[in-house]
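Novice: test case, fold it:
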Amino acid sequence: MPTPDHSAHAARRIALALLATCFLLNLLARGVADAYAVFLLPLVGAFGWQRTEVSSVYALYYVVVGTSGPLIGLLFDRWGHSALTLIGLVCLALAYAAVSRAEALWQFYLATGLLQGIGAACLGVVPMAALLSRWFRPRLNTALAVGYASGGVGLMLAAPVAQALIDAQGWRGAYLALAGLFLLALPLAAVGWLTRAGAGHPAYRLERPAGGGAADGITLRQALRGSPFWSLIYTYLATGIGMYTVVLQIPAYLVEIGFDAAAAARALGAVGVLAPVGMVGFGWLGDRIGRRRSILLSYALTVAGILTLLALAWYPQWPLVILFIALFGGSFGSRGPAISAISASIFRGPALGRIYGCITVGMGFGGGLGAYSGGLWHDLTGNYLGAFAFAAAMVGSGALPFLLVRRMARV
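Specialist: Numbering: from 1, shown residues only. Next up, the predicted model:
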């Protein structure tokens, strides 16, 4: 029989292995997907579509990711992490292979919007938050920050790589190469099975008796009746609208005001470089000064970053680009780990996957509306000034629940 020290050491190793797996999976799911911004201008040039049309493909993807959250949470609770990983990687490989042959907008909707959205949801934040909450208790905020940071690392790597592939092979060849990347990642599906990840940390198993039920935690029905649930949905919705009004349009905007395409892709990649630093940094800060203060600081930096991007229209120089990258990139995605940790704290129990999956519906609709509105603003006005001002206002409003809702103000 293993000693308590031996069991604790083994549990720590499993927890770190699962965190590394979640990191790699979210890197693939979110980082590669967000590199769609690099494909925007090549697709406009290849098909003569409006930017609204090309942006709407990504908008559909984001809506699918968010609205599938409740189903993904339910499937996680029933099937486990490994089954979702296998489904997600296969869906992503098929989606990228299919879009490399696409000739019509509806084919992009099916492949990039629907199939990629399902695949990314299977690998993304809902199963990650549900799994890590079973293995990390005292430092859950930091663990989730590391997991979320993978999206920024993925964007850092995927944006310049995608641009290089487009330059070398065209956008079709780039999509096909990325499809192969998802196939190479298939062995990651075995990690959950090998480590029996669903059982959770020994401390988690002690908290949750076998065959647990409603008495072991908050149910979805109970969560729906409380203000924290709806406040978190609004935060995700407003923040998603603001952030993705900006993110998808960064390369196109920089090219429009005088920067070359490669430099614009590097700027987007640089946002990805700083994003994981900010996510982990704000996660660490939240564990020490409180999540509320950390979250409010991150919102202030993001709004300042968007206003800096707006100022580039009058002063298109690299110092302002660098300042934008520092402010926006350093706070990009930093609310996600905190909201996941808050959800795990408020809604602790076996229904967490389903509850958090429902909360991410706000993120899905927010990101989708934001991605669509950025292109729409440009098509209607010929520039991005109104779009970025609107984005700053929406991001700022996302902080309101942490100021106005009593339960949220105490997190």
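Novice: pLDDT below threshold where in the stretch 301-411 of the chain?
Specialist: 406-411 (pLDDT under 70).
Novice: now the strands: where do they sit in it?
Specialist: Secondary structure of the stretch 301-411 of the chain, counting by DSSP state E, counting those that start in this stretch: no strands present.
Novice: show the backbone phi and psi for Gly398.
Specialist: Dihedral angles of Gly398 (phi, psi; degrees, to the nearest 10) stand at phi -60, psi -20.
Novice: and the gap between it and Ala341?
Specialist: According to Cβ to Cβ, to the nearest Å, Gly398 stands 17 Å off from Ala341. Backbone N, C-alpha and C define where each C-beta goes, glycine included.
Novice: any chance you could map the helices in the stretch 201-350 of the chain?
Specialist: 202-207, 220-224, 227-247, 250-256, 261-289, 291-311, 318-324, 330-331, 335-346 (DSSP state H, counting those that start in this stretch).
Novice: actually the stretch 51-200 of the chain, not the one I typed
Specialist: With helices called from DSSP H, counting those that start in this stretch, the stretch 51-200 of the chain shows them at 51-67, 69-79, 81-99, 105-108, 116-123, 125-135, 140-184, 189-195.
Novice: show me where the stretch 151-300 of the chain dips below the pLDDT cut-off.
Specialist: Using pLDDT under 70, the stretch 151-300 of the chain drops low at 192-217.
Novice: Gly113 contacts Val64, correct?
Specialist: Yes: contact status for Gly113 versus Val64: in contact at 6.3 Å, counting by Cβ atoms under 8 Å.
Novice: Glu53: neighbour count?
Specialist: 17 (other Cβ atoms under 10 Å).
Novice: contacting residues for it?
Specialist: By Cβ atoms under 8 Å, 6 or more residues apart in numbering, the contact set of Glu53 is 105, 375.
Novice: gap between it and Ala102?
Specialist: For Glu53, the distance to Ala102 - Cβ to Cβ - is 13 Å.
Novice: just Val153 next, same as before
Specialist: Noted for Val153: a distance of 28 Å to Ala102, by Cβ to Cβ.
Novice: could you dump stretch 270-290 to CSV, C-alpha only?
Specialist: These are the backbone C-alpha positions of stretch 270-290, laid out as CSV (Å, rounded to 0.1, in the frame of the first residue of the first chain):
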residue,chain,number,x,y,z
ALA,A,270,3.5,39.7,-30.3
VAL,A,271,0.1,40.0,-28.7
GLY,A,272,0.3,36.3,-28.4
VAL,A,273,3.8,36.5,-26.9
LEU,A,274,2.6,38.7,-24.0
ALA,A,275,-0.8,37.1,-23.5
PRO,A,276,0.5,34.1,-21.6
VAL,A,277,2.7,36.3,-19.5
GLY,A,278,-0.3,38.4,-18.6
MET,A,279,-2.5,35.4,-17.9
VAL,A,280,-0.1,33.8,-15.6
GLY,A,281,0.9,37.1,-14.0
PHE,A,282,-2.7,38.2,-13.3
GLY,A,283,-3.4,34.6,-12.0
TRP,A,284,-0.5,34.9,-9.6
LEU,A,285,-1.6,38.5,-8.7
GLY,A,286,-5.2,37.3,-8.1
ASP,A,287,-3.9,34.7,-5.6
ARG,A,288,-2.2,37.5,-3.6
ILE,A,289,-4.2,40.7,-3.8
GLY,A,290,-7.6,39.1,-4.6
